[in-house]
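[1] pasting the structure only:
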Ligand code: ATP
Ligand code: MG
Ligand code: NA
Ligand code: MG
């Protein structure tokens with residue numbers, strides 16, 4: 001596998017990093033993220049997405065190595081994304097589809113309820129890698145995740161539905177913040193499973209979920225046989241970036257624990273390109 005590829009990224013925010021050519025399709029164009037009191041702008045609908053795909057097709061530009069999707073706000077848009085997956089795989093059968101099934105967090109759903117079954121029945125089966133958080137895994141599998149054991153069982157359930165790689169990007173289990181990864185390399189083998197304990201920073205950040213999935217895509221392309229390595233690099237980059245974010249806020253005279261922090265993405269390019277592994281994976 002080469003370390004460069006071409007990603008079609010259908011996300012509300014896009015990161016371009018680690019040597020990929022990224023063609024971003026903005027599923028929304030907002031003045032600011034929705035954590036602010038108000039926002040303005042436009043939402044792309046399924047028909048408009050398909051129009052862009054047809055434009056790419058007319059010019060024979062549909063050869064992608066990866067598709068990355070994040071927040072999707074309606075069933076009609078998600079159905080069109082499914083058509084995109086099919087279309088891209090007809091051009092490149094080896095297309096890797098990295099799906100962040102953004103549904104909600106900490107018990108709160110932030111998409112329409114009817115999206116859950118579309119993800120379960122149609123999206124999970126075609127995804128190559130899935131990056132849910134704890135609440136999203138629960139919604140997708142119907143299992144409650146209160147222990148590490150539960151997390152691993154849920155990963156197995158998801159593997160049997162489709163994806164070879166599953167990363168629970170964050171789960172609060174017995175007071176600890178964990179990433180749990182699971183890589184089912186072949187049909188016959190048991191998945192290789194691991195956890196990474198993440199030092200919890202007492203602050204709330206926006207955009208970390210999107211970045212985590214993008215970093216996992218990037219590092220998994222470099223280390224296709226070691227989800228563990230990819231996750232260590234992704235988490236370590238992110239922790240360095242969050243540390244910088246907190247320091248920058250403090251330097252500017254803000255108390256980082258009292259508001260939602262905008263991550264210092266551009267300022268952290270070195271940590272993204274050349275992370276030092278500070279968070280090690282532990283095998284199960
Ligand atoms: P999505 O938003 O895509 O549904 P998510 O809920 O998993 O996913 P986050 O909660 O942002 O997204 O977590 C993603 C990663 O961000 C975690 O794996 C962790 O490394 C990092 N992270 C986020 N908040 C913190 C924090 N307060 N302290 C330490 N790490 C954090
Ligand atoms: Mg979260
Ligand atoms: Na996630
Ligand atoms: Mg999130």
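    Great, that's in hand. What you see is a predicted model; the values in this text were computed from it and never measured. Ligands and ions are numbered 1, 2, ... in the order given.
[2] mind listing what the host helix or strand of residue 195 pairs with, with the direction of each?
    If you go by DSSP states H and E, residue 195 is part of strand 192-197. The pairing partners recorded for strand 192-197 under DSSP bridges are strand 176-183 (antiparallel), strand 281-283 (antiparallel).
[3] Can you list the low-confidence ranges for the chain?
    1-4, 11-17 (pLDDT under 70).
[4] How about it: which residue is closest to ligand 3?
    Residue nearest to ligand 3 within the chain: residue 169 (3.6 Å; Cβ to the ion). Heads up, the C-betas are built off the backbone N, CA and C, glycines and all.
[5] Without its sequence neighbours, what residue ends up closest to residue 40?
    Excluding its sequence neighbours, the residue lying closest to residue 40 (Cβ to Cβ, 6 or more residues apart in numbering) is residue 31, at 4.8 Å.
[6] let me fix that: residue 230
    residue 219 (3.7 Å).
[7] From residue 240, how far off is the one you found?
    For residue 219, the distance to residue 240 (Cβ to Cβ, to the nearest Å) stands at 14 Å.
[8] Give the residue from those two that has the larger number of neighbours.
    residue 219 (22 against 18; other Cβ atoms under 10 Å).
[9] Quick check: residues of the stretch 1-150 of the chain near ligand 1?
    Listed as neighbours of ligand 1 in the stretch 1-150 of the chain under the rule Cβ under 6 Å from any ligand atom: 100, 102, 105, 133, 136.
[10] mind listing the strands in the stretch 51-200 of the chain by residue range?
    66-69, 96-99, 104-105, 108-109, 129-130, 165-173, 176-183, 192-197 (DSSP state E, counting those that start in this stretch).
[11] And the contacts of the last one?
    Looking back up the chat, that one is strand 192-197. Applying Cβ atoms under 8 Å, 6 or more residues apart in numbering, the contact partners of strand 192-197 are 148, 151-152, 155, 176-185, 227-228, 231-232, 235, 279-284.
[12] Counting neighbours, which bits of it end up buried?
    Within strand 192-197, the residues scored as buried using 16 or more other Cβ atoms under 10 Å are 192, 193, 194, 195, 196.
[13] The spatially most central residue of the chain in helix, strand or coil?
    For the chain, residue 213 is the residue whose C-alpha lies nearest the centre (Cα atoms, centre = their mean; 2.8 Å). Three-state call for residue 213 (DSSP: H, G, I helix; E, B strand; the rest coil): helix.
[14] Same question for the one 4 residues further on.
    Reducing the assignment to helix, strand or coil with three-state DSSP, the entry for residue 217 is helix.
[15] tell me, how many neighbours does the closest residue to it other than its chain neighbours end up with?
    Among residues not flanking residue 217 along the chain, residue 98 sits closest, at 4.6 Å (Cβ to Cβ, 6+ apart). The number of residues packed around residue 98, counting by other Cβ under 10 Å, is 26.
[16] Can you get me a residue count around residue 38?
    When neighbours are counted by other Cβ under 10 Å, residue 38 registers 7.
[17] of the residues of the stretch 1-150 of the chain next to ligand 1, list those near ligand 3.
    residue 133 (Cβ under 5 Å from the ion).
[18] circling back to that earlier point, now do the contacts for the residue nearest to the centre of the chain.
    Applying Cβ under 8 Å, 6+ apart, the residues near residue 213 are 68, 70, 98, 100, 131, 169.
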